[in-house]
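# Curious how this folds, go ahead:
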Amino acid sequence: MEQPFQLAACAEMLWPDRPIEWRAARLTEMGFGVGLWNWPDHDLDKLEAVGANYTIMNGYLQGRLSDREGAEILLRSVRETVAVGKRLSVDRLNLHGTGLGDGGIPIPQHGSFAPGSFQRACDTLNRICDLAEEEGVVFTLENLNPIDHPGCPFGSTADVLALVSTVDRPQLRINLDLYHTQIGEGDLIRWCEASLPWIGEVQVADNPGRFEPGTGEINYAGVAQALQQMGYRGPVAMEAFAQGDEEAALEAFRAAFTL
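Residues are numbered from 1 along each chain as shown. Purely as a prediction, here's the structure:
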């Protein structure tokens, strides 16, 4: 058996009764990288002291891709977050089409887009890439599903792939979240193949329930085998709740992606 991928897990979704630095330390002890969400929620000194491999973190706090005011807010927020990401040596800083509020609801919601919004989003992402190149960091753009995140601009897998492939710069990759793809589009392996040249990270959770692999309808062992066969060797992160015991959930995830 071999482990072809760099495995990580989202600390925010596991052991909710424990401090975040304890969760980061336990994931590190178990051999996983550590994913985070919004940095203002945490004590950065304590997270830094853990010495974890922080694989991904939200790369902004507010802002939007495709309108002038939202883009300026986003760039200011990105610049602030880059400093935190560099302090924690975070591998990738994550973006969405717009800010997400309580329960993941987009701020604001957009059911349709004004003419020219795609080009404006590309322009904003190129400005972020310019900053990333100066600072030596990498951003990812994540797809989201339309049920949990209704009205999110550029939320679909197709939209994210279109934006990232059009910008086509090494400072911007896709955070391909297969839980969201399953709900939004399905056909996971073909979306992996289409996105492969631009993938920065693959995130996984089973559906329904957003629990660990093996608890729902997705054949993650088959997905893992397909990713290996197509030559993907990058990070795979479990962004999922544990249906029961957290350590058992993490071991199920590890087993699904060990070939």
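
# show me where the stretch 51-200 of the chain has strands.
54-58, 92-95, 99-100, 106-107, 139-142, 172-177, 199-204 (DSSP state E, counting those that start in this stretch).

# would you turn the ones you listed into JSON lines with mean pLDDT?
Below are the strands of the stretch 51-200 of the chain laid out as JSON lines (pLDDT from 0 to 100):
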{"stretch": "strand 54-58", "mean pLDDT": "98"}
{"stretch": "strand 92-95", "mean pLDDT": "98"}
{"stretch": "strand 99-100", "mean pLDDT": "72"}
{"stretch": "strand 106-107", "mean pLDDT": "67"}
{"stretch": "strand 139-142", "mean pLDDT": "98"}
{"stretch": "strand 172-177", "mean pLDDT": "98"}
{"stretch": "strand 199-204", "mean pLDDT": "98"}
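
# Looking at these, which is nearest to residue 34?
Nearest of those to residue 34, taken as CB to CB: strand 54-58 at 5.3 Å. Using the backbone N, CA and C atoms, a C-beta is placed for each residue, glycine as well.

# So which elements touch the closest one?
Applying 3 or more CB pairs under 8 Å, 6 or more residues apart in numbering; DSSP states H and E, one finds that strand 54-58 contacts strand 6-10, strand 33-35, helix 68-87, strand 92-95, strand 235-238.

# returning to that earlier point: quick check: which of the strands of the stretch 51-200 of the chain is nearest to residue 6?
Closest to residue 6 of the strands of the stretch 51-200 of the chain is strand 54-58 (CB to CB; 7.6 Å).

# To residue 154, which of the helices and strands packed on strand 54-58 lies closest?
In terms of CB to CB, the element of the helices and strands packed on strand 54-58 nearest to residue 154 is strand 92-95, at 9.7 Å.

# For the closest residue to residue 179 other than its chain neighbours, give its distance to residue 1.
Closest residue to residue 179 apart from its sequence neighbours, by CB to CB, 6 or more residues apart in numbering: residue 205 at 4.0 Å. Taking CB to CB, to the nearest Å as the measure, residue 205 falls 23 Å from residue 1.

# Tell me which of these two has more neighbours.
residue 205 (26 against 5; other CB atoms under 10 Å).

# what does the model give the more buried one for pLDDT?
Each residue has a pLDDT score; the one for residue 205 is 98.

# what's the answer for residue 167, then?
On the pLDDT scale, residue 167 gets 98.

# cool, residue 155 as well?
For residue 155, pLDDT reads 90.

# Next one: residue 15 from residue 228, what distance?
For residue 15, the distance to residue 228 (CB to CB) stands at 30 Å.

# measure the residue nearest to residue 20 when sequence neighbours are not counted to residue 21 for me?
Nearest non-adjacent residue to residue 20, counting by CB to CB, 6+ apart: residue 42, 5.0 Å away. As for residue 42, its distance to residue 21 is 8 Å (criterion: CB to CB).

# Name the residue most distant from the centre of the chain?
residue 115 (27.7 Å; CA atoms, centre = their mean).

# Tell me how far the residue nearest the centre of the chain lies from residue 221.
In the chain, the centroid-proximal residue (CA atoms, centre = their mean) is residue 175; its distance is 4.6 Å. Computed as CB to CB, the residue 175 to residue 221 distance reads 22 Å.

# now do residue 17
Separation of residue 17 from residue 221 (CB to CB): 31 Å.

# Neighbour count for these two, which is higher?
A direct count of neighbours by other CB under 10 Å for residue 17 and residue 221 places residue 221 higher, at 15 against 5.

# which ones are touching the spatially closest residue to the more buried one that is not a sequence neighbour?
Among residues not flanking residue 221 along the chain, residue 256 sits closest, at 5.3 Å (CB to CB, 6+ apart). Listed by CB atoms under 8 Å, 6 or more residues apart in numbering, the contact set of residue 256 reads 213-214, 220-221, 224.

# Save the helices and strands packed on strand 54-58 as JSON lines, and put in distance to residue 153 and mean neighbour count too.
Putting these into JSON lines (distance: least, CB to CB, whole Å; neighbours: other CB atoms under 10 Å) gives the following:
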{"stretch": "strand 6-10", "distance to residue 153": "24", "mean neighbour count": "23"}
{"stretch": "strand 33-35", "distance to residue 153": "24", "mean neighbour count": "26"}
{"stretch": "helix 68-87", "distance to residue 153": "10", "mean neighbour count": "17"}
{"stretch": "strand 92-95", "distance to residue 153": "12", "mean neighbour count": "24"}
{"stretch": "strand 235-238", "distance to residue 153": "24", "mean neighbour count": "27"}
